[in-house]
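A.B. asks: Have a look at this prediction, sequence included:
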Amino acid sequence: MRIIVKLLTISALTCLFAGSSFISLQAQNEGKTENRVFVVYNTGEDQQEFKAYAKQMARLKSFGRVDVCINSPALKSDFEIPPNSCDWHEYASYNRSVASFFPDKKLIPFIPAEFVSKNRQLLLYKAGVIRELGLSAYFRSNEPRFFPKLFLISTPTCVVRE
């Protein structure tokens, strides 16, 4: 019984001191929100889901700047998944990259136009929501992206190993 009482006392004191240090930290930083930045992202493809998420993040504005990632792909890049591949390819097919939205002219023949178009539409929608809510946006990218085998074969400076 004594051990339980001691543990409860220690827990209560820990909460008390942790809480008071948080309050004092909050009081010291009151009114100084310009140096705080919340960097957040979600992986949702649904527009209404993103809008609800952004509204939740907008509640943080009084504590600092809120940067929301706006470039989740609208579609999985099925065209990049090799036949009989592993789970990693499935996972990586949702990676963000500049080429998913703005492909280099040399990559355009290897990336479906519908994929790029839907990604751009979602990007513009999310940018509009962010602007409407007075938030900031950022573009997160995973590079380098997969290069299709046909691209590598058609590029004379690349060596393709089987």
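C.D. replies: Nice, thanks for sending it over. Numbering: from 1, shown residues only.

A.B. asks: Only C-alpha atoms from now on, for both contacts and neighbour counts.
C.D. replies: OK.

A.B. asks: which one is the residue nearest to the spatial centre of the chain nearest to, not counting chain neighbours?
C.D. replies: Among the residues of the chain, the one closest to the centroid is residue 41, at 3.5 Å (Cα atoms, centre = their mean). Spatial nearest neighbour of residue 41, excluding adjacent residues (Cα to Cα, 6 or more residues apart in numbering): residue 69 at 4.8 Å.

A.B. asks: wait, doesn't the one you found sit right on residue 139?
C.D. replies: Yes - using Cα atoms under 8 Å as the test, residue 69 is close enough to residue 139 to be in contact (5.7 Å).

A.B. asks: which of those two has more neighbours?
C.D. replies: residue 69 (22 against 15; other Cα atoms under 10 Å).

A.B. asks: and the gap between the more buried one and residue 127?
C.D. replies: From residue 69 across to residue 127, the span is 9 Å (Cα to Cα, to the nearest Å).

A.B. asks: and what of residue 78?
C.D. replies: 25 Å.

A.B. asks: higher neighbour count, those two?
C.D. replies: Shown here are residue 78 and residue 127; by other Cα under 10 Å, residue 127 has more neighbours (19 against 12).
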